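[1] Next come a sequence and a model predicted from it.
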Amino acid sequence: MITYLILAGVALVLFFWIAGSYNALVTLRNRFKNAFAQIDVQLKRRYDLIPNLVETAKGYMKHERETLEAVIAARNTAYAASKAAAANPADGSAVKGLMGAEAGLGGALSRLMVVAEQYPELKANQNMMQLTEELTSTENKISFSRQAFNDAVTAFNTKRELFPTNLIAGMFNFSEAQLFEVDSASERQAPQVKFT
């Protein structure tokens, strides 16, 4: 009888340990998903600003059609990648796709700003100045949101890799989450959107 009680006690302790580890992993996964949702909000704001920026520039940059079209195409690609990543932030390939699309958008915006520097009337346009100010503010918010997301992902990945929680993570398919990071040095620079 005592043997059964000891076995029952060990089984109960094991059950609570498994349940606690599982619940901790779920909590951390939900935190990084929420953190990604904050990135998604800021990206959506930026995606909404870009067409207005292009429309404002279009009136002044009649000979720069290719640049304007490249910005819109990059925005649309990044928007689609954002939707795929937002559907499942735990999908590393979707997050990597978003990182690549964001790098392309950043490059296109940088080219637009370089070309826009050649148009003094555009630089002085009140609407353009307001849009670029909002875009700069949004870029800063995106950076802070990425940092919060990466912190949450790091906490999740650390928990799922530590022994003995890694056994539970393996049993219940808690796969590694992808950090939202930039691969090349040129992509690390934010697009310059300030007119001087």
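    That came through, no problem. All values reported here derive from a predicted model rather than from experimental measurement.
[2] give the contact list for the residue nearest to the spatial centre of the chain.
    By C-alpha atoms, centre = their mean, the chain has its centre lying nearest to residue 39, at 4.9 Å. Counting by C-beta atoms under 8 Å, 6 or more residues apart in numbering, residue 39 makes contact with 142, 145-146, 149, 180. Every C-beta, even on glycine, is put in place using the N, C-alpha and C of the backbone.
[3] Helices - which of those residues land there?
    142, 145-146, 149 (DSSP state H).
[4] Neighbour-wise, which one of those leads?
    residue 149 (25 neighbours; other C-beta atoms under 10 Å).
[5] list the contacts for that one?
    Residue 149 neighbours (C-beta under 8 Å, 6+ apart): 32, 35-36, 38-39, 89, 180.
[6] Using JSON lines, lay out the residues you listed together with distance to residue 171 and secondary structure.
    As requested, these are exported to JSON lines (distance: C-beta to C-beta, whole Å; DSSP: H, G, I helix; E, B strand; the rest coil):
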{"residue": "32", "distance to residue 171": "20", "secondary structure": "helix"}
{"residue": "35", "distance to residue 171": "25", "secondary structure": "helix"}
{"residue": "36", "distance to residue 171": "25", "secondary structure": "helix"}
{"residue": "38", "distance to residue 171": "30", "secondary structure": "helix"}
{"residue": "39", "distance to residue 171": "30", "secondary structure": "helix"}
{"residue": "89", "distance to residue 171": "22", "secondary structure": "coil"}
{"residue": "180", "distance to residue 171": "27", "secondary structure": "coil"}
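[7] tell me the contacts of the nearest residue to residue 131 once chain neighbours are set aside?
    Using C-beta to C-beta, 6 or more residues apart in numbering and skipping the chain neighbours, the partner closest in space to residue 131 is residue 53 (4.7 Å). Residue 53 makes contact with 71, 112, 128, 131-132, 135, according to C-beta under 8 Å, 6+ apart.
[8] Residue 53: which element?
    helix 2-58 (DSSP states H and E).
[9] How about residue 109?
    Going by DSSP H and E, residue 109 is in helix 92-116.
[10] For that helix, enumerate the helices and strands it packs against.
    Judged by 3 or more C-beta pairs under 8 Å, 6 or more residues apart in numbering; DSSP states H and E, the packing partners of helix 92-116 are helix 2-58, helix 65-87, helix 126-161.
[11] got the contact list for the shortest one?
    The contact list for helix 65-87 (C-beta under 8 Å, 6+ apart) reads 36-37, 40, 43-44, 47, 50-51, 53-54, 57-58, 61, 91, 94-95, 97-98, 100-102, 104-105, 107-109, 111-112, 115.
[12] Name the residues of it that come out as buried.
    Of all the residues in helix 65-87, those buried under the rule 16 or more other C-beta atoms under 10 Å are 67-68, 70-71, 74-75, 77-79, 81-82, 85-86.
[13] Hey, what's the angle from the helix holding residue 53 to helix 126-161? Just curious.
    Angle, helix 2-58 to helix 126-161, by axes from the mean of the first three to the mean of the last three C-alpha atoms, to 10 degrees: 160 degrees.
[14] what mean pLDDT does helix 2-58 have?
    Here the mean pLDDT over helix 2-58 is 94, rounded to a whole number.
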